[in-house]
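Enquirer: prediction below, plus the sequence it came from.
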Amino acid sequence: MNQYVTGTMIKRLRESKKMTQQQLAEKICVSDKAISKWETGRGYPDISLIEPLAKALGVSVIELFSGEGVVNTNRSFKMQRMKFHVCPICGNLIQSTGEAVVSCCGIVLPALEAEHEDDDHHLHIEQVEDEYYVMIPHEMSKTHYISFILALKDDGCEIKKLYPEGSAEARFRIARTKSIMYYCNQHGLFKAK
């Protein structure tokens, strides 16, 4: 985010609510000229007006700052549509069950898109009784490592956190496991074939 709050976003949200500039201005106790200035990019709302503005427009403050509205189409909550977000600053892993605006350490985090495995990122899966033993032959140094491995199931998600200088391996119960994913701190999220 390299802008404060975009006028285009304010105008689009206001018009989608079928509000005039005057009606929006009355809701947040400013003049319609102020709304006009914001929408044309000749000024920005004061920080003290951000929360009332977001409320009047029917969005969260984060949505207002990100410049995008979020419409979650995952109404039936299918686990295969689960989204994962990783903070590049602190390494925090956040999962959502659909579209969401997620932020950590002051930045908005995009949802990770799983890549197909490549020669440098592939895992070996072995069935041991009622579990999958998963091993990834990957560097595990302090600067380049697999951060987590997860088993996405039809009724949940099982995550195994890994640490630098440890081994890149995990065990997951086979029952209900639909796919296995893993995250390289330098190359992103991968999905096992």
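Expert: Okay, I see it.
Enquirer: can you name the next helix or strand after the helix or strand of the chain with the lowest mean pLDDT?
Expert: Ranked by mean pLDDT, DSSP states H and E, the helix or strand of the chain with the weakest confidence is helix 61-66, at a mean of 75. Scanning forward in sequence from helix 61-66 by DSSP states H and E, the next helix or strand is strand 83-86.
Enquirer: so who does the residue most central in space within the chain touch?
Expert: By C-alpha atoms, centre = their mean, the chain has its centre lying nearest to A111, at 3.7 Å. By C-beta atoms under 8 Å, 6 or more residues apart in numbering, the contact set of A111 is 83-85, 96, 99, 102. For every residue, glycine as well, the C-beta is placed using N, CA and C.
Enquirer: whichever of those end up buried, select them in ChimeraX.
Expert: Written as a ChimeraX command, the selection of buried residues from the contacts of A111, which uses 16 or more other C-beta atoms under 10 Å, is:
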select :83,84,85,96,102
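Enquirer: using pLDDT, spot the least trustworthy of the contacts of A111.
Expert: Taken together, these show their lowest pLDDT at E99, with 76.
Enquirer: surely it forms part of a helix?
Expert: No. Per DSSP: H, G, I helix; E, B strand; the rest coil, E99 lies outside any helix segment and is coil.
Enquirer: now V61: closest residue in space that isn't a chain neighbour?
Expert: A54 (4.7 Å; C-beta to C-beta, 6 or more residues apart in numbering).
Enquirer: that neighbour: what's it in contact with?
Expert: Residues near A54 by C-beta under 8 Å, 6+ apart: 60-61, 63-64.
Enquirer: filter these to the buried ones?
Expert: 60, 63-64.
Enquirer: and of these, the nearest to T40?
Expert: Nearest to T40 out of these is L64 (C-beta to C-beta; 17.4 Å).
Enquirer: who does I94 form a beta bridge with?
Expert: Listed by DSSP bridges, the beta-bridge partners for I94 are H85.
Enquirer: distance of A56 relative to G156?
Expert: Separation of A56 from G156 (C-beta to C-beta, to the nearest Å) stands at 38 Å.
Enquirer: what number of residues lie near I146?
Expert: Residues lying near I146 (other C-beta atoms under 10 Å) number 26.
Enquirer: would you agree it is in contact with Y183?
Expert: Yes. Using C-beta atoms under 8 Å, I146 is in contact with Y183, at 6.8 Å.
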